[in-house]
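Colleague: coordinates for the following, if possible.
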Amino acid sequence: MTALIILGIIIVCILALAVIYNSLVTRKNQYKNAFAQIDVQLKRRYDLIPNLVEVVKKYMQHERETLEAVIQARNSAVSASDQASKNPGDPGAMKNLSASEGMLSGALGRLFALSESYPDLKANQNMAELQEELSSTENRIAFARQAFNDAVMTYNIAREKFPANLVAGMFNFTPAELLEATEAPEERKAPKVSF
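Modeller: You can find the predicted model right below:
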């Protein structure tokens, strides 16, 4: 009789361990999926930027430094995004992506501010369409970032609760990092894309 009780307790403990483990795996996959949604929108944004630079280049002959800064910031952001997509939630990758995105937003903001001085550029149909696409993409990125951060928060809370924290420690479920905006106030603003 005692052996059956002990066996029953062991079975219950194993089942509880399996349920907790599966719950952590599910939550981890949810935040990875949420990051994949961000990644799709970031790639869309990165694909729009070369088109924007080509349109602007025709009108802004004397603003080569600004155009090069946008291209360099885009390339840096693409690289950071690739690193983050390999391991979403990794603290270093998320911080690097946030910083790169902040630099890109700042460079785009400077580009749009300079383009105000070029009336022909403001009237260009391609420029207007690209601005609309970028604006739409910025909104999609914001929503996807919020969904990612919500999924990360749910995962982190689940892994910190008892007894899940014991299972998380045993099976190396590390905390995930939120994708936050950078600290510089000018980098927290989305680039202005309307004229």
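Colleague: so for this structure, the centremost residue is which one?
Modeller: Centroid-nearest residue in the chain: residue 38, 5.0 Å away (criterion: CA atoms, centre = their mean).
Colleague: any idea which element residue 135 lies in?
Modeller: Using DSSP states H and E, residue 135 maps to helix 125-160.
Colleague: return the set of buried residues in that helix.
Modeller: Within helix 125-160, the residues scored as buried using 16 or more other CB atoms under 10 Å are 127, 130-131, 133-134, 137-138, 140-141, 144-145, 147-149, 151-152, 154-156, 158-159. (Each C-beta comes from the backbone N, C-alpha and C, glycine too.)
Colleague: immediately after the longest helix along the chain, which helix or strand?
Modeller: Longest helix in the chain by number of residues, with DSSP state H as the criterion: helix 2-59. Of the helices and strands lying after helix 2-59 in sequence (DSSP H and E), the nearest is helix 64-86.
Colleague: so what does that next one touch, helix or strand wise?
Modeller: Counting contacts by 3 or more CB pairs under 8 Å, 6 or more residues apart in numbering; DSSP states H and E, helix 64-86 is packed against helix 2-59, helix 91-115.
Colleague: quick one: the shortest one to helix 64-86, angle?
Modeller: Translated: helix 91-115. Here the directions of helix 91-115 and helix 64-86 differ by 150 degrees (axes from the mean of the first three to the mean of the last three CA atoms, to 10 degrees).
Colleague: let me know the secondary structure of residue 180.
Modeller: Per DSSP: H, G, I helix; E, B strand; the rest coil, the local secondary structure of residue 180 is coil.
Colleague: what sits against it?
Modeller: Going by CB atoms under 8 Å, 6 or more residues apart in numbering, residue 180 touches 94, 98, 149.
Colleague: residue 177 too?
Modeller: By CB under 8 Å, 6+ apart, the residues touching residue 177 are 89-91, 93-95, 152.
Colleague: quick check: residue 22 vs residue 88, distance?
Modeller: 20 Å (CB to CB, to the nearest Å).
Colleague: and residue 17, by the same measure?
Modeller: Note on residue 17: its distance to residue 88, by CB to CB, is 26 Å.
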